[in-house]
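Novice: Sequence and predicted model, in that order:
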Amino acid sequence: MIEAIDLKKFYGQHIALRGLNLAVQPGEIFCLLGANGAGKTTTISLFLGFIAPSSGRALVNGVDVAASPDEAKRSVAYIPETVTLYPTLSGFENLEYFATLAGGAELTKADLKACLERAGLREDAIHRPAKGYSKGMRQKVAIAVAIAKNAKALFLDEPTSGLDPQASNEFSRLLEQLSSDGVAVLMATHDLFRAKESGTRIGIMRSGELVDTLIPSAIGHAELEERALRQMRGAD
Ligand SMILES: Nc1ncnc2c1ncn2[C@@H]1O[C@H](COP(=O)(O)OP(=O)(O)OP(=O)(O)O)[C@@H](O)[C@H]1O
């Protein structure tokens with residue numbers, strides 16, 4: 001589970017997060033929407049331990065990230081907007097390297113290959129140098145790392161920006177697979193369409209606050225867009 005309890009973050013005098021309370025259960029895909037500067041990346045960075053909270057707590061799988069960063073990192077995977085891989089290593093070798101870094105269970109070459117296959121990386125690409133990979137292929141390697149380390153919580157920041165519609169659709173299916181395996185997913189996105197398609201909940205952030213939470217399955221695309229835009233603007 002991913003949990004924020006009265007989580008606040010100041011940058012100097014500027015408040016970027018104003019007491020966030022949020023719980024994302026195993027199997028949920030929670031999409032954070034919000035205008036630029038609303039606090040989405042700050043939220044994710046706090047869960048990943050990249051920055052320290054000013055007050056409050058960020059918990060992953062019951063572990064306080066600021067108090068026990070190493071323990072928290074063991075159950076977490078992260079997919080940034082641009083996944084960086086070692087360009088001269090193959091997808092397989094990158095996975096081997098990152099899975100070893102992550103610690104956890106010893107995996108055989110067959111296990112690692114199975115992780116890449118589950119992540120949807122084509123057989124003929126697995127042993128090619130990653131420098132020739134598309135954005136979608138690099139993301140699949142990152143998903144394979146999440147599978148290999150048996151991550152309980154997955155954080156994503158703008159993963160579908162710059163993906164073509166087919167790659168974006170494929171990526172959403174992968175996320176759904178992970179969530180059906182019990183991973184809790186928190187994703188910052190500007191992609192309302194994907195949030196509606198794959199999210200189990202959508203949270204709208206404005207000026208460091210979660211101002212609305214929606215169940216996408218209970219609402220149409222047009223209504224979702226209208227409500228999200230209204231909340232982001234602060235017209236309510
Ligand atoms: N390192 C920093 N130092 C000072 N202010 C920062 C820093 N990082 C973010 N901020 C400010 O904190 C607020 C929240 O920023 P954040 O990056 O979390 O927003 P965001 O919702 O992810 O935006 P975007 O959609 O543009 O990625 C903004 O006002 C931003 O300018």
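Specialist: Arrived safely, thanks for sending. Residues are numbered from 1 along each chain as shown.
Novice: Quick check: buried residues in the lengthiest helix in the chain?
Specialist: As assigned by DSSP state H, the longest helix anywhere in the chain is helix 165-180. Buried positions in helix 165-180, judged by neighbour count with 16 or more other Cβ atoms under 10 Å: 167-168, 171-172, 174-175, 178-179. Where C-beta positions appear, they are placed from N, C-alpha and C, glycine not excepted.
Novice: for stretch 96-107, same thing?
Specialist: Buried residues in stretch 96-107 (16+ other Cβ under 10 Å): 96, 98-99, 102, 107.
Novice: Contacts for it, please.
Specialist: When contacts are defined by Cβ atoms under 8 Å, 6 or more residues apart in numbering, stretch 96-107 is touched by residues 74, 86, 89, 109, 112, 115, 145, 148-150.
Novice: Kindly write the ChimeraX command that selects the buried subset of the residues you listed.
Specialist: Here is the ChimeraX command that selects the buried residues among the contacts of stretch 96-107 (16+ other Cβ under 10 Å):
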select :74,112,115,145,148,149
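Novice: now, which of the contacts of stretch 96-107 sits nearest the ligand?
Specialist: The ligand has its nearest neighbour among those in Val145, at 22.8 Å by Cβ to the nearest ligand atom.
Novice: Show the model's pLDDT score for that closest one.
Specialist: pLDDT recorded at Val145 is 93.
Novice: which bits of the protein sit near the ligand?
Specialist: Neighbours of the ligand within the chain, by Cβ under 6 Å from any ligand atom: 11, 14, 16, 34, 36-42, 188.
Novice: and with 8 Å instead?
Specialist: 9, 11-12, 14, 16-17, 32, 34-45, 51, 157-158, 188, 190, 205, 208 (Cβ under 8 Å from any ligand atom).
Novice: of all the buried residues of helix 165-180, which comes closest to the ligand?
Specialist: Checking those against the ligand by Cβ to the nearest ligand atom gives Ser168 as the nearest, at 17.6 Å.
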